[in-house]
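J.: sequence unknown, structure follows:
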């Protein structure tokens with residue numbers, strides 16, 4: 001057994017990064033799908049969310065797991081990005 005203090009174990013087989021075939025393509029898995037939100041009214045009947053927005057009626061909310069976060073843009077938390085999805089069965 002080898003114990004190395006202060007080191008992270010390698011991710012995936014041999015610690016290799018996931019190869020990207022095209023620029024901007026990031027592998028992810030669908031973890032959860034739920035219907036769109038409806039209005040959230042508090043005890044006084046007022047909307048509790050900051051902005052009075054409604055999800056589209058035919059919309060679905062997807063929770064995705066990105067396999068390698070290093071492939072995401074560094075400013076994804078602060079910038080406004082659009083995402084295109086392409087699905088394939090595993």
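T.: Arrived safely. The structure displayed is predicted, hence computed values, not measured ones.
J.: pLDDT weak spots in the chain?
T.: 1-22, 39-53 (pLDDT under 70).
J.: how about a cut-off of 50?
T.: Along the chain, the parts satisfying pLDDT under 50 run over 15-16, 18-21.
J.: show me the contacts for residue 61.
T.: Taking Cβ atoms under 8 Å, 6 or more residues apart in numbering as the criterion, residue 61 is in contact with 33-37, 55. (C-beta placed from N, C-alpha, C; glycine too.)
J.: over to it: give its phi and psi.
T.: According to degrees, to the nearest 10, the main-chain angles of residue 61 amount to phi -100, psi 120.
J.: what bridges to it?
T.: Assessed by DSSP bridges, residue 61 has beta-bridge partners residue 34.
J.: does residue 26 touch residue 69 like I think?
T.: No - counting by Cβ atoms under 8 Å, residue 26 stays clear of residue 69, with 9.1 Å between them.
J.: pick out whichever of the two has more residues nearby.
T.: Neighbour count, other Cβ atoms under 10 Å: between residue 26 and residue 69, residue 26 has more, with 16 against 9.
J.: and residue 31, how far from residue 23?
T.: Spatial separation of residue 31 from residue 23 under the definition Cβ to Cβ, to the nearest Å is 25 Å.
J.: more crowded one of those two?
T.: More crowded of residue 31 and residue 23, by other Cβ under 10 Å: residue 31, with 9 against 5.
J.: how about the more buried one, nearest residue that isn't a chain neighbour?
T.: residue 63 (4.5 Å; Cβ to Cβ, 6 or more residues apart in numbering).
J.: quickly find the element holding the one you found.
T.: Per DSSP states H and E: residue 63 is located in strand 61-66.
J.: excluding chain neighbours, give the residue nearest to residue 79 in space.
T.: The shortest distance from residue 79 to any non-neighbouring residue, by Cβ to Cβ, 6+ apart, is to residue 73 (6.9 Å).
J.: based on its surroundings, how many neighbours for that neighbour?
T.: Residues near residue 73, counting by other Cβ under 10 Å, number 11.
J.: if anything else comes up later, I'll come back, but that's it for now.
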